[in-house]
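*Asks:* I'd like to go over a predicted model; first the sequence, then the structure.
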Amino acid sequence: MKEIRIEKKDAGQRLDKYLDKQFPGWGRSLIYKFLRKKTIKLNGAKAAFNTMIAEGDILSVYVSDESLAKLAERKDAAEENVTGSGRNTDLGKAAGAAKESCDGKAAGSGEGVKGEKSRKLNAVPAISDLSKFCSIVYEDDNIILADKRAGVLCQKADPSDISLNEALLEYCGGKDDSGFAPTVCNRIDRNTTGLVSFAKNYRAARELSELFRDRRAEKYYLAAVKGRVDAPGQDRAFIRKDDKTNKVSIGLREERDAKPIDTAWEPLAVRPWKGREISLLRVELITGKSHQIRSHLAYLGHPLLGDEKYGDRELNRLLKRDTGIAHQLLHAYELRFPDTAEGELTYLSGRSFLTEVPGRFLTLFPDMKL
């Protein structure tokens with residue numbers, strides 16, 4: 001067991017960030033697990049990862065000196081193994097060594113981690129590689145709002161996939177004390193970027209899901225489209241999915257298996273490009289169906305730039321050749337919680353969260369203003 005007294009120079013910072021500096025070979029996943037299991041205590045009690053530490057606080061770390069030494073020895077090797085492949089096996093081994101050291105009850109802690117089922121996430125990159133999946137826009141004890149990268153799945157489509165869900169699950173340290181596995185609560189397409197919500201516990205997952213299901217949370221997107229759009233609008237139609245092709249079609253009549261959709265937009269910019277006109281839209285997703293914005297705007301004559309499935313092939317070819325942009329220019333950039341959020345998420349009432357504008361939008365609309 002190791003005790004650390006917080007000095008004046010270290011006061012006023014979050015506990016997890018302090019621990020990350022003190023034990024750089026561990027990774028956030030192991031730190032969160034140790035805090036949750038009371039393998040690390042603050043002033044003799046369980047502490048949250050975002051607790052602000054003060055001068056004179058005492059940290060008790062119930063990890064053997066031998067395991068602390070092993071983790072320190074592996075730190076450099078772990079960092080060297082963060083490669084372009086996104087895998088870091090040494091960090092996983094180091095975490096395993098620390099877990100083994102806690103299989104018995106921690107001295108004086110009254111708790112250990114013996115008997116906990118191991119969670120093998122198939123080839124999931126280490127915590128230090130979370131940036132390959134997303135950046136964190138907001139985080140508290142209940143939720144994470146993540147800015148997803150292009151090319152990343154929100155959830156697995158095949159068993160071998162590595163999705164944002166697995167990356168954030170690992171970041172949070174796996175299942176919570178009740179056995180609940182933290183999870184993504186809304187999804188966007190693989191090559192769409194932007195905000196995805198993630199619940200850390202069951203109550204938050206239930207409430208987030210209800211907010212999206214009841215359409216009380218407002219979702220706004222940036223969309224770069226073909227053609228001139230110089231007036232705001234809203235359109236209601238019906239969407240129908242073909243599971244064989246994973247494409248949808250839009251129509252004005254309610255037919256078998258068709259579901260109603262509602263999309264609103266307002267123009268932010270219009271400019272000439274390659275002898276054509278292109279527009280930047282702020283799109284509100286009033287209903288939330290798979291491929292809704294992509295297919296609905298294409299149906300209205302304004303397909304997304306870069307969209308290989310519903311877009312203009314010739315325009316996409318020019319876009320890729322001249323800018324290198326090869327994915328649809330669609331970004332979930334804002335999430336607004338209702339003024340009367342309830343239950344566990346009441347404290348988020350009326351709050352709005354935004355991401356930074358992706359560089360690929362600024363390539364085409366350098367003077368854009370939100």
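*Replies:* That came in fine, so what should we check first? Computed from a predicted model, the values in this text were never measured in an experiment. Numbers count the residues shown, from 1 in each chain.
*Asks:* so residue 316 makes contact with residue 304?
*Replies:* No: using CB atoms under 8 Å, residue 316 makes no contact with residue 304, being 9.3 Å away. Any C-beta I mention is one placed from the backbone N, CA and C, and that applies to glycine too.
*Asks:* comparing these two, which shows the higher neighbour count?
*Replies:* Per other CB atoms under 10 Å, whichever of residue 316 and residue 304 has more neighbours is residue 304, with 27 against 21.
*Asks:* from residue 151, how far off is the nearest residue to the more buried one once chain neighbours are set aside?
*Replies:* Sequence neighbours aside, residue 328 is the residue nearest to residue 304 in space, at 4.5 Å (criterion: CB to CB, 6 or more residues apart in numbering). From residue 328 across to residue 151, the span is 12 Å (CB to CB, to the nearest Å).
*Asks:* which residues are in contact with both of these two?
*Replies:* residue 191 (CB atoms under 8 Å, 6 or more residues apart in numbering).
*Asks:* between the two, which one's more packed in?
*Replies:* Shown here are residue 328 and residue 151; by other CB under 10 Å, residue 328 has more neighbours (27 against 12).
*Asks:* what's the span of stretch 3-20, first residue to last?
*Replies:* From its first residue to its last, stretch 3-20 covers 16 Å (CA to CA, to the nearest Å).
*Asks:* got the buried residues for it?
*Replies:* Across stretch 3-20, burial judged by 16 or more other CB atoms under 10 Å covers 6, 10, 15-16, 18-19.
*Asks:* now flag whichever of the residues you listed is closest to residue 163.
*Replies:* Ranked by distance to residue 163 (CB to CB), the buried residues of stretch 3-20 are led by residue 16 at 23.8 Å.
*Asks:* state the distance from the residue nearest the centre of the chain to residue 293.
*Replies:* Closest to where the C-alpha atoms of the chain average out (CA atoms, centre = their mean) is residue 146, at 2.9 Å. Per CB to CB, residue 146 is found 19 Å from residue 293.
*Asks:* sec struct for residue 195, please.
*Replies:* strand (DSSP: H, G, I helix; E, B strand; the rest coil).
*Asks:* how near is it to residue 310?
*Replies:* For residue 195, the distance to residue 310 - CB to CB - is 22 Å.
*Asks:* neighbour count: those two, which is higher?
*Replies:* residue 195 (24 against 19).
*Asks:* what's the burial count for the closest residue to that one other than its chain neighbours?
*Replies:* Spatial nearest neighbour of residue 195, excluding adjacent residues (CB to CB, 6+ apart): residue 332 at 4.6 Å. Neighbourhood size, residue 332 [other CB under 10 Å]: 23.
*Asks:* what do you get for residue 222?
*Replies:* For residue 222, using other CB under 10 Å, the count is 24.
*Asks:* tell me the buried residues in whichever strand or helix holds it?
*Replies:* Following DSSP states H and E, the helix or strand that holds residue 222 is strand 218-226. For strand 218-226, the neighbour count (16+ other CB under 10 Å) marks 219-226 as buried.
*Asks:* who's in contact with residue 281?
*Replies:* 222-225, 229, 265-268, 297, 302.
*Asks:* that one bridge partners, please.
*Replies:* Judged by DSSP bridges, the bridge partners of residue 281 are residue 223, residue 267.
*Asks:* could you name the residue of the chain that is farthest from its center?
*Replies:* Largest centroid distance in the chain under CA atoms, centre = their mean is residue 275 at 37.6 Å.
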